[in-house]
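Asker: Here's a sequence, model it:
(2 chains)
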Amino acid sequence: MAKNIVFVLHGVGEYSEDWLQADSTAAHQLREDAKQYGFFEGKNLDTYVEFVPILYDDVFLRILNHWSDLGDALGSAIPVMPKAADKVVKYLKKSDEDKWAIQFAGDVVLYWGFRLYQQRVVLRVLSQITKKVADTIASSDRVPGYHILAHSLGTAVAHDALHHLGTEDWLGALDHAPFDDPDGNDGAGDYAAYRDSLAGMKEDLGIANPFHPSLFQFETVTMLSNVSGLIHPSENPYHSIVRPGSASAEGAFTKNYLNVNHKYDPISIAGNFKMPRSWEMQGGIDITVDHVLDKEIHSADHYVAHPNVHLRLLQSYVDPYYASDEDVKAVKAFQKQNGFKNVADTKLKDKVKELVDIDGEEIDQLLSGIKKLEKLL
Amino acid sequence: MEKCSLIIVFVISILSSYGGVSVADEHSKIVCGEEIADQGEFGWSKFSEGRGEPYLELGDKTGLYEELRELLIEQSDDWQSDVRVLVVKAATGLIEGDRVLSEFTISKDLTVLPAQQFVFLRTPQVLELPPNEASADCKPESRKQALIETAQFSMLVQRSGVEINSEKFKQIAEVTQALEGVYDKYLFEGFPMYPWETFANSWLLTDKSIANGPPRNQLVLMHPAAGVVGAIGSGSDTDIGAVLSVEPIGWIHYSKDYESWYGVSLLTVFPSDRDAGIGVGLNYNFFKLGVTWHDYDDDYDNPTLFLGLDLYGFVDKKYRKYSTYKEKVEGLLLKE
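Answerer: Model (predicted):
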């Protein structure tokens, strides 16, 4: 049975293959959240949805290791070789979760400062998405709905990846590819038909790409703690195809776009993505939450815990489900209990305030660095 | 019909093997309180080339799907395998917030379309297909039925477009995976690039398009390596010395498969046992061969042979020790 597909893109510092199993992920939180609603009683969210982890941080790790190896190789041969690069690598590697700004800035520099690395990261994402789409379309009895759920740096990566996916002439090169003809003339005939088909697509759309927004749309693109407006090496997200709307007149790549930020999340504040008001008329939803469950307010699961977020996601991902009036009441109830001004735990509130204050300086430095980088590039 | 003023939004190649889609309950939609699903039995392969005036033109939504189906069935006997149907004035509808095709008009435009293709042209109208039966849009009953049928048709059309391109999606998946390998060769397995070189190549040589692949060329910039030098001038000493080399600037070109590369660089060497030298070096894969001239207070007239290696990628990490490396290179030189 074909399930709807949700591609989940992580934030900074998720190097392992099984990162989606962690409790801090949006997928885990959605499964937990669904249990409180009547529709899902006795049902499992995974019956309707397949969460597909999209890993890309391993590319950053490979780059750092490559730099380290370069320094190591030369350093071994020439003892006097300066090891500045190696020191930078070691410094970045040492940065742990508490030094998110260092880690975030490190990945940003690699991602935005080096187009080759950015393209390698985007390809890493696209190869996973396109393979899954190809597999599910070919094997299922129904074409599933495809969704993007991205968090933090993953929002910038997702934006770039989708922009390239929908605008590039991916199959153009195949038109000139040498043809392996195991079936003799029959095969040649197929190839000729294929070339005609490609030519037709190119004539109609300008490019040979079945992922062109006219032919393919994602059902939803959800950006949690959206930094795509801050880091955009490929195309400005305010003008790219990654926006809500119909595939035709607007050339939009998604039917719905959810921009979700947190009032006290330092990354949200730094990202500062202002969804254009016109998008609201096309399927765009702009949500700013301020709830506090614990001090990890940047975590993806913390975002999704708010019913105003997860109800919309569940409704999008699960075809036969739409939130009942009873379900919607959970939004107010949750806000009443966990909205920032309503949180009873004053120590927790102070911690969150402190987090913003402390990180504020780092954010300023980060923003300043990114702006310099933007000018340089 | 003024084609120029219309916008092409949907091109669908029809595969002869396509037989519609079946939909499980879990994937149905709700319109006007009714659970609906794609109409799997609706065979797109039965569309036909039409003649003359448009087949169908409905300004309202009443009975749209049924009339369309009846019309198509009625004419199915005359249909040919080359299907060319133009759908114009197709508006968008909203089902539970999802935008789908809804109101539409079918016409024929057979001169510009390749065989076996549909083209959908759409105006930016929006027709609400509300999930709640209590909605005013769901009354009277005939309107409700029309909305449901429109939703069925729309869902089928939208999904058909994706399904019938399945082979091309597979090819894109293969292309992106292949490109991953090509980028890896360029970035991690080819001529080793130091961070500043990657930066320069990123912004000077790399195309914005990823589908075009990484650059075929590579700029060499302040590139350090290790090697040995030995004087080759007549009457000179044949001593061999370890040397740090730096290529201030150079150029590398890759083979078609990015498996090998060659290039030329300006070469400077800094031996510990003699003065620095300057010359020209050639790169072939991980090997470097160059000639340098050193200032022996006699006007750079003693050429010196430089033999170098980019150690990264050439030998295993455990062998990247200078002593092993020097022995190897000395062995090579002394044989000659």
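Asker: List phi and psi for the closest residue to B:Glu259 other than its chain neighbours.
Answerer: Spatial nearest neighbour of B:Glu259, excluding adjacent residues (C-beta to C-beta, 6 or more residues apart in numbering or on different chains): B:Lys185 at 7.1 Å. Where C-beta positions appear, they are placed from N, C-alpha and C, glycine not excepted. B:Lys185 adopts backbone torsions of phi -60, psi -40, taken as degrees, to the nearest 10.
Asker: Surely B:Lys185 is in contact with B:Tyr258?
Answerer: Yes: at 4.1 Å, B:Lys185 counts as touching B:Tyr258 under the criterion of C-beta atoms under 8 Å.
Asker: contacting residues for residue 254?
Answerer: As the question left the chain open, I've gone with chain A. A:Ile148, A:Leu162, A:Gln217, A:Phe218, A:Glu219, A:Thr220, A:Val221, A:Val242, A:Arg243, A:Pro244, A:Gly283 (C-beta atoms under 8 Å, 6 or more residues apart in numbering or on different chains).
Asker: Sorry, I should have been clearer: chain B.
Answerer: B:Tyr254 neighbours (C-beta under 8 Å, 6+ apart): B:Tyr186, B:Gly190, B:Arg216, B:Asn217, B:Gln218, B:Ser260, B:Trp261.
Asker: next one: A:Leu314
Answerer: A:Leu314 sits in contact with A:Leu30, A:Asp33, A:Ala34, A:Tyr37, A:Phe40, A:Leu45, A:Tyr321, A:Ala323, where contact means C-beta under 8 Å, 6+ apart.
Asker: how about 7 Å then?
Answerer: A:Leu30, A:Ala34, A:Tyr321 (C-beta atoms under 7 Å, 6 or more residues apart in numbering or on different chains).
Asker: picking up where we left off before, show me which of the contacts of A:Thr254 neighbour chain B.
Answerer: A:Glu219, A:Gly283 (C-beta under 7 Å from any C-beta of the partner chain).
Asker: Give me the distance between the two termini of stretch B:186-200.
Answerer: End-to-end distance of stretch B:186-200 (C-alpha to C-alpha, to the nearest Å): 14 Å.
Asker: how about it: buried residues?
Answerer: Neighbour counts over stretch B:186-200 (16 or more other C-beta atoms under 10 Å in any protein chain shown) mark B:186-188, B:190-195, B:197-200 as buried.
Asker: swap in stretch A:36-49?
Answerer: A:Tyr37, A:Phe39, A:Phe40, A:Leu45, A:Tyr48, A:Val49.
Asker: Can you measure across that stretch, start residue to end residue?
Answerer: Stretch A:36-49: ends 17 Å apart by C-alpha to C-alpha.
Asker: I'd like to check what contacts that stretch. Which residues are they?
Answerer: A:Lys3, A:Asn4, A:Val6, A:Leu30, A:Arg31, A:Ala34, A:Tyr317, A:Val318, A:Tyr321, A:Asp327, A:Ala330, B:Glu26.
Asker: where does the stretch 151-300 of chain B have low pLDDT?
Answerer: Along the stretch 151-300 of chain B, the model assigns pLDDT under 70 to residues B:151-166, B:231-242, B:273, B:296-300.
Asker: cool, and the stretch 251-377 of chain A?
Answerer: Those would be A:355-377, if you go by pLDDT under 70 across the stretch 251-377 of chain A.
Asker: how near is the closest residue to chain B within it to B:Pro131?
Answerer: With C-beta to the nearest C-beta as the measure, A:Asp319 is the residue of the stretch 251-377 of chain A nearest to chain B, at 4.4 Å. Between A:Asp319 and B:Pro131 the distance is 11 Å, computed by C-beta to C-beta, to the nearest Å.
Asker: again with A:His159
Answerer: Taking C-beta to C-beta, one finds A:His159 at 30 Å from B:Pro131.
Asker: Looking at these two now, which is surrounded by more residues?
Answerer: Between A:His159 and B:Pro131, A:His159 has the larger neighbour count (other C-beta atoms under 10 Å in any protein chain shown), namely 31 against 19.
Asker: wait, B:Met222 sits on B:Gly250?
Answerer: No: with contact defined as C-beta atoms under 7 Å, B:Met222 and B:Gly250 do not form a contacting pair (10.0 Å).
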